[in-house]
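Undergrad: can't give you the sequence, but here's the structure:
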Ligand code: ADP
Ligand code: ZN
């Protein structure tokens, strides 16, 4: 199938492959340098052709072969080209998304050489960042990055944040960071939690599920499974044994998790079981570390890759199984550049590699469950918790009745939740308190004119953070002191309303002075390894109450927890997103699932102003099937997935009128092109009307065939002339509707 010409995927924002003449013989997946425009660029050989070029076109020759050995395997190339086509993405960018970033760069340093690495000093913290934000924004950005990632390769940093090198010098003088040389790149830090106890005998249900998966592994070829196992039913053990089986056959495995730093227990179980054969792909890896792990997999030194959505591209050789844990999690979908779904691509890769794909969750997404219903995947069920443990009994508390003051209602901990917390503490047991909003108060409001303090760059209210005495934007990071006068009417009665995790924590400490409390949210966990530390401290009984955002709901297995409190279940229900009910349902089921995973039974208390709301009732009574039926019915009536398919087009621009005009133009082009074939909703101002200084408009395309949506979009995309500074996102199967 080789020809005279090679087709090269070059990482440029163009939906084309580029044809070159090969000087020698070149294999599929080779990394090359090719003349491009006036310069030279890196690319990957993804195809061949014999067809002579059209008259008048001269075909240039490949300049250099960087690696003749394939950097991307044949099945991966098929998957990546499929993905580029499906998600209307530039194939070169898609292909390079599967490679360590360093591959894009010409004359990139190899893994062995010396690299400069910068890391934040221990003293550097949020406060230093805040001090810098106004005076030296670039330094603030660099410092924030380092605090979050621990350390980073200076060259990589410079590439992501131009000017980072100079900023680092200034930061080093202030002793906020340290720059040092690394010759040998260290192995990435994996969650260092105590290795969990071994599971000797599987439950009958685990046994049955595993058997089906193992049969498929032995049979070879593609097979898709949905493992619907209630919380605490031992899904992880099924994953581990399936991976073990793959390894025993000399094949590899990929395990995807929504966010690796949030699941240290799962990661430590995998590494405890399979040791050096595991490569953990963590977003905090420096460029060199990433390359190291990539090489270990590529060379077959490691056979199991664990990571977030992009680990679907891990160069695992001959993977027998791809597992997607918590498949319902929306973070599998990348929503900005290259909007692909790691979960869906896992299925595509499995098809191309001839392997098994296993989606696991306690709360399947409506789409995946419908797939299983229609026979496109095999449903495996774990209906009971291990060791005859029961699912927690969950009480719903109506806040309308318990909190009489309607104006400045402080709905933190009602009497029933307080009683339960007191009982739990008395018995020496642990509790989790979940509230899905960080910060102290939710917003600052003028009592005279009702004006609220908004972000300058985003159309959202600023959130009050008590510790820093600042108002902060949760989208762009802007921060400023609480104004003493209203910017609208000049009145002096600015008050803080609403409630965040900081205030929950304060309230818990005030009411239970003896209790040891840990707060876990993205403000308290900026330091690398913080989540893992908190979870291991809590799991080992060093604290009594864990307060936090949805971070506390994620799969943690803490046997001492017997009570889960939900401070306000209503937060997400009213979002203008057709999945709002589904997300709320999943969140409630997941958080309740943290209780009663040890010897003592667990219970839950859910506070809400809408005790009768269907998704609250069904979630607290663990009635998944009913929720699914009702939701499916609703989706059918309203024409949402899985009944219809969606494609979201979002335009953004710093200028309000430019984006409005652009959105209208795109919408009418889409309507003309798709006349009679698709339904178009909008264009409308996005619910999040302005983000990081850019105004946003969007429209939603619907059809029962995703192919039609893509065809129409592509035709429009090709003709579209966007004004300077505009961005237009075409998002197939969108998750982010805001
Ligand atoms: P899930 O992911 O389904 O919520 P986990 O996989 O975290 O559940 O398992 C819950 C707990 O049960 C873990 O501590 C695990 O070690 C334990 N476990 C799993 N399978 C068994 C079994 N067959 N017998 C006893 N304990 C088990
Ligand atoms: Zn903002």
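TA: Yep, that arrived. Everything numeric in this text was worked out from a predicted model, so none of it was measured. Ligands and ions are numbered 1, 2, ... in the order given.
Undergrad: what's the neighbour count on the nearest residue to residue 229 once chain neighbours are set aside?
TA: Leaving aside its sequence neighbours, residue 229 sits nearest to residue 382 (C-beta to C-beta, 6 or more residues apart in numbering; 3.2 Å). Placement of C-beta: from N, CA and C, glycine included. By other C-beta atoms under 10 Å, 23 other residues sit near residue 382.
Undergrad: what does stretch 201-210 contact?
TA: 227, 229, 233-234, 237-238, 241-242, 380-384, 386 (C-beta atoms under 8 Å, 6 or more residues apart in numbering).
Undergrad: What subset of the residues you listed is buried?
TA: Buried subset of the contacts of stretch 201-210 (neighbour count, 16 or more other C-beta atoms under 10 Å): 227, 229, 233-234, 237-238, 241-242, 380, 382, 384, 386.
Undergrad: In what element of secondary structure is the residue nearest to residue 72 when sequence neighbours are not counted found?
TA: In space, and not counting its chain neighbours, residue 72 is closest to residue 29: 4.5 Å by C-beta to C-beta, 6+ apart. Assignment of secondary structure by DSSP states H and E places residue 29 within no helix or strand.
Undergrad: Wait, residue 29 touches residue 48, no?
TA: No: if you go by C-beta atoms under 8 Å, residue 29 and residue 48 don't touch, sitting 11.9 Å apart.
Undergrad: Locate residue 42 within the secondary structure: which element?
TA: Counting by DSSP H and E, residue 42 is part of strand 39-49.
Undergrad: Which elements pack onto the helix or strand just after that strand?
TA: For strand 39-49, the succeeding helix or strand toward the C-terminus, using DSSP H and E, is strand 64-67. Judged by 3 or more C-beta pairs under 8 Å, 6 or more residues apart in numbering; DSSP states H and E, strand 64-67 is in contact with strand 31-36.
Undergrad: what residues does the strand it packs on touch?
TA: Contacts for strand 31-36 (C-beta under 8 Å, 6+ apart): 6, 8, 10, 12, 18, 20, 26, 40-45, 60-67, 71, 103, 106.
Undergrad: who does it pair up with?
TA: Strand pairing for strand 31-36, determined by DSSP bridges: strand 39-49 (antiparallel), strand 64-67 (antiparallel).
Undergrad: chain center to the first one: distance?
TA: Spelled out, it's strand 39-49. Distance, stretch centre to chain centre, for strand 39-49: 31 Å (C-alpha atoms, centre = their mean, to the nearest Å).
Undergrad: now swap in the last one and tell me
TA: Using C-alpha atoms, centre = their mean, the distance from the centre of strand 64-67 to the centre of the chain it belongs to is 34 Å.
Undergrad: same question, stretch 36-55
TA: 35 Å.
Undergrad: Please point out which parts of the strand holding residue 42 sit buried.
TA: Result for strand 39-49 [16+ other C-beta under 10 Å]: buried residues 41-48.
Undergrad: Stretch 543-554 now?
TA: 543-554.
Undergrad: Residues in contact with it: which ones?
TA: By C-beta under 8 Å, 6+ apart, the residues outside stretch 543-554 that reach it are 258-259, 262-263, 326, 421, 425, 430-438, 501, 504-505, 508, 512, 515-522, 525, 531, 534, 537-538, 561, 587, 590-591, 594.
Undergrad: Now do that stretch: distance from first to last residue.
TA: 18 Å (C-alpha to C-alpha, to the nearest Å).
Undergrad: swap in stretch 480-487?
TA: 13 Å.
Undergrad: What values do phi and psi take at the residue of the stretch 501-650 of the chain found nearest ligand 2?
TA: Evaluated by C-beta to the ion, the stretch 501-650 of the chain has residue 522 as its residue closest to ligand 2, separated by 15.1 Å. Main-chain torsions, residue 522, degrees, to the nearest 10: phi -70, psi -10.
Undergrad: looking at it, it is touching residue 439, isn't it?
TA: No: using C-beta under 8 Å as the test, residue 522 is too far from residue 439 to be in contact (10.2 Å).
Undergrad: The two - which one has more neighbours?
TA: Neighbours were counted for residue 522 and for residue 439 using other C-beta under 10 Å; residue 439 has more, 25 against 15.
Undergrad: hmm, back to that, for PyMOL, write the select line for the buried members of the contacts of strand 31-36.
TA: Selecting only the buried entries of the contacts of strand 31-36 in PyMOL, with 16+ other C-beta under 10 Å as the criterion:
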select buried, resi 6+8+10+12+18+20+26+41+42+43+44+45+62+65+66+71+103
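Undergrad: Please name the nearest non-neighbouring residue to residue 335.
TA: Using C-beta to C-beta, 6+ apart, the closest residue to residue 335 is residue 736 (4.0 Å).
Undergrad: Would you verify that that neighbour is located in a helix?
TA: No: going by DSSP: H, G, I helix; E, B strand; the rest coil, the assignment for residue 736 is coil, not a helix.
Undergrad: Contact partners for it?
TA: Contact partners of residue 736, counting by C-beta under 8 Å, 6+ apart, are 330, 333, 335, 648.
Undergrad: you'd agree the first one is up against residue 583?
TA: Right, residue 330. Yes: at 7.3 Å, residue 330 and residue 583 qualify as touching, with contact defined as C-beta under 8 Å.
Undergrad: So which of these two has more stuff around it?
TA: Shown here are residue 330 and residue 583; by other C-beta under 10 Å, residue 583 has more neighbours (21 against 18).
Undergrad: ok, residues contacting the helix or strand where the more buried one lies?
TA: Element membership of residue 583 [criterion: DSSP H and E] is helix 580-592. Helix 580-592 has contacts (C-beta under 8 Å, 6+ apart) with 231, 328, 330, 362-363, 365-366, 391-392, 394, 432, 434, 436, 550, 552-555, 564, 566, 569, 572-574, 577, 604, 606, 614-616, 618-620, 622, 624, 627, 631.
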